[in-house]
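>>> Pasted the sequence and its predicted model underneath.
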Amino acid sequence: SKMSPAMRCLGGIIAILCGLLVVGPTRAQVDSSPFRFSNAGLSVQAVFMERAPVATGIAAHAGWALTPAWDLRVGIRRDAVVQRDIRRAYSSRTEWADQRRFSVTPALAWRPFRSDGPLHQSFRVSVGPTLQIQRGEQVRRLGAIEGSMSVDRLTADSGRRGDNTYLDQSGATPLLLRTDNTNRTNVGVTAELQYGLTYGAVTVEALLTGRRVTGVDGATVGLGGRVSVA
């Protein structure tokens, strides 16, 4: 069977992480420092989820330095996409979506290098367990109502039942959409690659995030940026 693009991306993240662990930390580990609060920040990402348009991911994190090369980070994130236009969904099923996912991830972050100078570069890899609360709906059945079929008959048909019913009568042909709830709690793992530029106390990072949890088909991938303050 073929792997989805999301699964290939998550596999690439894991492969890079393994390669970096084999190479080992460099000069960032020369000095030692005590456990202390190090930074806090906000991030925004474009998120690619299964059977949904591109979502928006917003997150906040706080970090504590364990050593110059290792951090402990805790992040809270919300990924959401809501589009309930039935006529857009009728042209493409993936255009209809209601997915809201809240997640908490404590992660161990490793920085293999950091350049010198007032404006310095850094690279981090972080991995940690994720607890995710999922709320929303997914399409069960979508179609047009024929003249011989009444709405009452369709909604009473056990073969077409869903948790939620939507009807659009704005056009010449009424459209009916049925959905099932996706309310559940998921657990899994999140991996993240971070490349940043730091000047003074402010760090701007580019992020590539991959998440795999139970109850969700495939992996959720996010691409975006973060601003942190030391």
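Happy to help now that I have it. Given the structure is predicted, the values throughout are model-derived calculations rather than measurements.
>>> And Asn183, how far from Arg100?
10 Å (Cβ to Cβ, to the nearest Å). Where you see a C-beta, it was placed from the backbone N, CA and C, and this is true even at glycine.
>>> tell me, what's touching the two both at once?
Both Asn183 and Arg100 are in contact with 134-136, where contact means Cβ atoms under 8 Å, 6 or more residues apart in numbering.
>>> From those residues, pick the one nearest Thr220.
Proximity of the shared contacts of Asn183 and Arg100 to Thr220 (Cβ to Cβ) peaks at Gln134, which lies at 10.6 Å.
>>> Is the closest one bridged to anything, and to what?
On the basis of DSSP bridges, Gln134 is bridged to Arg101, Arg184.
>>> Let me know how buried it is, in neighbour terms.
Using other Cβ atoms under 10 Å, Gln134 has 19 neighbouring residues.
>>> Check it and give its pLDDT.
Looking at Gln134, its pLDDT reads 95.
>>> my guess is it contacts Asn183, does it?
Yes: in this structure, Gln134 is within contact of Asn183 by Cβ atoms under 8 Å, at 6.6 Å.
>>> Please point out which parts of stretch 209-224 sit buried.
209-213, 216, 218-222, 224 (16 or more other Cβ atoms under 10 Å).
>>> quick one: which of those is nearest to Ala191?
Gly210 (5.1 Å).
>>> which secondary element of the protein has the worst mean pLDDT?
helix 5-23 (a mean of 54; mean pLDDT, DSSP states H and E).
>>> continuing past that one, what's the next helix or strand?
Using DSSP states H and E, the next helix or strand after helix 5-23 towards the C-terminus is strand 36-48.
>>> which helices and strands sit right next to the helix or strand following that next one?
Using DSSP H and E, the next helix or strand after strand 36-48 towards the C-terminus is strand 55-65. With contacts taken as 3 or more Cβ pairs under 8 Å, 6 or more residues apart in numbering; DSSP states H and E, strand 55-65 sits against strand 36-48, strand 70-83, strand 97-114, strand 220-229.
>>> Would you indicate which residues of the longest one are buried?
For strand 97-114, burial by neighbour count (16+ other Cβ under 10 Å) applies to 97-101, 103, 105, 107, 109-112, 114.
>>> quick one on the thing from earlier: would you convert the buried residues of stretch 209-224 into CSV that also reports distance to Pro129?
Listed next are these as CSV, based on distance: Cβ to Cβ, whole Å:
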residue, distance to Pro129
Thr209, 14
Gly210, 14
Arg211, 11
Arg212, 11
Val213, 10
Val216, 15
Gly218, 19
Ala219, 15
Thr220, 15
Val221, 18
Gly222, 17
Gly224, 22
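>>> which one of these is nearest Met49?
Comparing those against Met49 with Cβ to Cβ places Thr220 closest, at 5.2 Å.
>>> Would you confirm that the closest one contacts Met49?
Yes: taking contacts as Cβ under 8 Å, Thr220 lies within contact range of Met49: 5.2 Å.
>>> Show me the common contact partners of those two, please.
Residues touching both Thr220 and Met49 by Cβ under 8 Å, 6+ apart: 79, 101.
>>> Contact partners for Ser228?
Per Cβ under 8 Å, 6+ apart, neighbours of Ser228: 39-41, 61, 63, 196, 202-203, 205.
>>> again, only this time at 7 Å
Neighbour list for Ser228: 39-41, 203, 205 [criterion: Cβ atoms under 7 Å, 6 or more residues apart in numbering].
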